[in-house]
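Participant: sequence and computational prediction follow.
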Amino acid sequence: RNNAATDTVRLADTSAALAGGSFSGCAITSHTAYYYVDDVVVSQVNGSISGCSVLPLHWLSFAGKRRNDVVELQWKTVNEINTSHFIIERSRNGFDFVAIGKEQAKNTNGEHAYDFTDAQPLAGINYYRLKQVDRNGTSVYSSVAKVFFGDAVSNGLRLYPQPADAILHVAFGGNGGNVMIQVYDATGRLVLNETKRNSNTMTLNTQKLSRGTYWVVASDGVIQQKGQFLKQ
C-alpha cells in the first residue's frame, strides 16, 4: 500500500495468525510493495522483515468457573513449538492485572489441556487472562475470562442478580429514610444517579447501560456503601 523507498510498519503489542503461527513485535522495511492478508503484512518484494518472533501456539479455549470456594481455570492449546510457560493473571477491574500463578507448557505438537485453581478469588468479579511466554522471552496474551464470585457485597451493600440485565436489585444496610444511589462505569463516569426510599430491596433500571463492569455507591447521608456489578 505504500510504494515509498523505505517504509516501516510496527506490529508491537499485536499478533496476526499466519500459517499456524503469529508475528509479534515485527519491524518490516519495504523498498517496493507489500502483500496483505486481512490487513496484515505477510510478505513483500525487495524488502526485509526484522525483529520478528514467531509464536505458533493457537488458543483453542480459555474459561473459568466457580467451584465451591475456589475458581477453576481451564484452557486448551494446539501446536506448541518453543513454548516455555503460561503466567496466570488476575484483575479486579479488567485493566490492572497481577500474576497469581505459573504453569509449564508441554511444548509439543497436538492438543493440550491445562487447569489452574485460584484458591483465593476476589469478592465480586474476577478477570483472568493468560500470558503465554516463548522460550526466547516473547509473549502473547489470551482472551479475558470473567468469573463472578459470591454476591457483590461491600460494607453491607448487596447487588443482584450477577450479571444484571434490565434490573439491578440493591440491598442497603443503612438506617436513613432516603438513599442516594450512584452508578459509575469503569472509567469513573457517573451514568446513573437516583434517590430511593430505603427498603429491604431497591431496584435500578439498568437496561440502557452498555455491557461492562460498574461500581455502585449508596449513601443515606450517614452511611456510605459500595459494590460492583457486571452488566451483560
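Facilitator: Structure received. Everything numeric here is computed off the predicted structure, so don't read it as measured data.
Participant: from residue 229, how far off is the residue positioned nearest the centre of the chain?
Facilitator: For the chain, the residue nearest the mean C-alpha position is residue 144 (3.3 Å; CA atoms, centre = their mean). Distance of residue 144 to residue 229, computed by CB to CB, to the nearest Å: 17 Å. To be clear about C-beta, it is placed using only N, CA and C from the backbone, and glycine gets the same treatment.
Participant: list the contacts for the residue nearest to the centre of the chain?
Facilitator: By CB atoms under 8 Å, 6 or more residues apart in numbering, the contact set of residue 144 is 94, 127-129.
Participant: flag the least confident of the residues you listed.
Facilitator: In this model, the minimum pLDDT among the contacts of residue 144 belongs to residue 94 (82).
Participant: can you get me a residue count around it?
Facilitator: Using other CB atoms under 10 Å, residue 94 is surrounded by 16 other residues.
Participant: quick one: it from residue 218, how far?
Facilitator: Distance of residue 94 to residue 218, computed by CB to CB: 22 Å.
Participant: sheet partners, orientation included, of the helix or strand hosting residue 77?
Facilitator: According to DSSP states H and E, residue 77 maps onto strand 70-78. Paired strands of strand 70-78, with direction, are strand 58-67 (antiparallel), strand 111-118 (antiparallel) (DSSP bridges).
Participant: turn the ones you listed into TSV, columns for mean neighbour count and mean pLDDT.
Facilitator: Below are the strands paired with strand 70-78 laid out as TSV (neighbours: other CB atoms under 10 Å; pLDDT from 0 to 100):
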stretch	mean neighbour count	mean pLDDT
strand 58-67	14	92
strand 111-118	15	96
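Participant: export stretch 182-200 as CSV, just CAs?
Facilitator: Taking C-alpha atoms only, stretch 182-200 is exported to CSV below (Å, rounded to 0.1, in the frame of the first residue of the first chain):
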residue,chain,number,x,y,z
GLN,A,182,-24.9,6.5,42.1
VAL,A,183,-23.6,4.2,39.4
TYR,A,184,-20.2,4.7,37.8
ASP,A,185,-18.7,2.9,34.8
ALA,A,186,-15.1,1.5,34.6
THR,A,187,-13.7,4.9,33.6
GLY,A,188,-15.2,6.6,36.7
ARG,A,189,-18.0,8.4,34.7
LEU,A,190,-21.3,8.8,36.5
VAL,A,191,-24.0,7.0,34.5
LEU,A,192,-26.9,6.8,36.9
ASN,A,193,-27.9,9.0,39.9
GLU,A,194,-31.2,8.2,41.7
THR,A,195,-32.7,8.8,45.1
LYS,A,196,-34.8,5.9,46.5
ARG,A,197,-36.8,5.4,49.7
ASN,A,198,-34.8,2.9,51.7
SER,A,199,-36.3,-0.6,51.9
ASN,A,200,-35.1,-4.1,52.1
